[in-house]
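Participant: below are the sequence and a predicted model for it; my questions follow.
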Amino acid sequence: MFPIKNRIADLPVIDLRALSRGLLAAVILTGLLLTGPARAGETPAETVQTVNDALLHVMKNAEALGFQGRQAYLTPVLTETFDLPAMARLAAGRYWDRFDNDEKRNLVAYFTDLSISTFAARFDGYSGETWQIEGTSEAPRGGTIVENRLITGRGEIFAINYLMRQTESGDWRIIDVYLDGNISELALRRSEFNSVLRNGGVDHLLDQIAQQVGRLSNTPQTN
């Protein structure tokens, strides 16, 4: 489940169990559509709770959904609770202003696909995990930190904190994820993206992102 596993799945030619899982996944996704679209919260904790609920759902239904089902389930939630365009811009750093409008749109789209695929691959099973929001605090450079914990069935605790910013409409969206409580995923992305952009340009970066998404989609679930 967590962290990402980098193994290649052995896909059977015909698998009746896979067909039944596909039917169950369709039922689950239909239930999602009936509940209405996800929305960012009016408080930082509300937004994170929305994410936690969605992650717990895909973890509990990981086998039935498969990677693509988890990806489909999480897409409306994460696009509403994360400020993915702003995150893509920050990840590109000083190179962002050098892109034309099409390049900016493409990078946002690819970055969004990578972000959602990462969550779909990362949370790929369930062994009694629970989520717990510990509290909030002011971020050093503005915004709010939501202190969030993933507690495994064995009692292990992983800190997965979120940096939140309030939008002009008044809701709160996630702008960064801190693994182990203090490792900024956005800073890691920015370092990675800037290295690729420095050596190969935006088209090369988009190709690298597409390859990463392809590898994630081949990540088998853990049972």
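Facilitator: Received it, and whenever you're ready, just let me know what you need. Residues are numbered from 1 along each chain as shown.
Participant: longest helix in the chain, by residue count?
Facilitator: helix 185-217 (DSSP state H).
Participant: who are the packing partners of that one?
Facilitator: Counting contacts by 3 or more CB pairs under 8 Å, 6 or more residues apart in numbering; DSSP states H and E, helix 185-217 packs against helix 62-81, helix 84-92, helix 101-122, strand 172-179. In this view, the C-beta of every residue, glycine as well, is placed from N, C-alpha and C.
Participant: do you know which of these lies nearest residue 162?
Facilitator: strand 172-179 (4.8 Å; CB to CB).
Participant: counting by contacts, list what the closest one packs against.
Facilitator: On a contact count with 3+ CB pairs under 8 Å, 6+ apart, strand 172-179 meets helix 44-60, helix 84-92, strand 157-166, strand 183-184, helix 185-217.
Participant: in TSV, list the ones you listed along with mean neighbour count.
Facilitator: Formatted as TSV, the helices and strands packed on strand 172-179 follow (neighbours: other CB atoms under 10 Å):
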stretch	mean neighbour count
helix 44-60	20
helix 84-92	20
strand 157-166	19
strand 183-184	14
helix 185-217	16
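Participant: Serialize these to CSV and add fields for distance to residue 149 and mean pLDDT.
Facilitator: Shown next, in CSV, are these (distance: least, CB to CB, whole Å; pLDDT from 0 to 100):
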stretch, distance to residue 149, mean pLDDT
helix 44-60, 10, 98
helix 84-92, 22, 98
strand 157-166, 5, 96
strand 183-184, 15, 95
helix 185-217, 17, 96
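Participant: now those as TSV including distance to residue 150?
Facilitator: What follows is these, written out as TSV (distance: least, CB to CB, whole Å):
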stretch	distance to residue 150
helix 44-60	8
helix 84-92	21
strand 157-166	4
strand 183-184	14
helix 185-217	15
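Participant: for residue 124, which of these is the nearest?
Facilitator: Nearest to residue 124, of those and by CB to CB, is helix 44-60 at 7.7 Å.
Participant: where does residue 169 land on pLDDT?
Facilitator: With respect to pLDDT, residue 169 scores 88.
Participant: mind checking the SS state of it?
Facilitator: coil (DSSP: H, G, I helix; E, B strand; the rest coil).
Participant: let me see the contact set for it.
Facilitator: For residue 169, the contact set (CB atoms under 8 Å, 6 or more residues apart in numbering) is empty.
Participant: share the number of residues neighbouring the closest residue to residue 104 other than its chain neighbours, please.
Facilitator: Using CB to CB, 6 or more residues apart in numbering and skipping the chain neighbours, the partner closest in space to residue 104 is residue 96 (7.1 Å). Using other CB atoms under 10 Å, residue 96 has 17 neighbouring residues.
Participant: in CSV: the helices and strands packed on helix 185-217, plus distance to residue 146.
Facilitator: CSV is the format used below for those (distance: least, CB to CB, whole Å):
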stretch, distance to residue 146
helix 62-81, 11
helix 84-92, 16
helix 101-122, 16
strand 172-179, 8
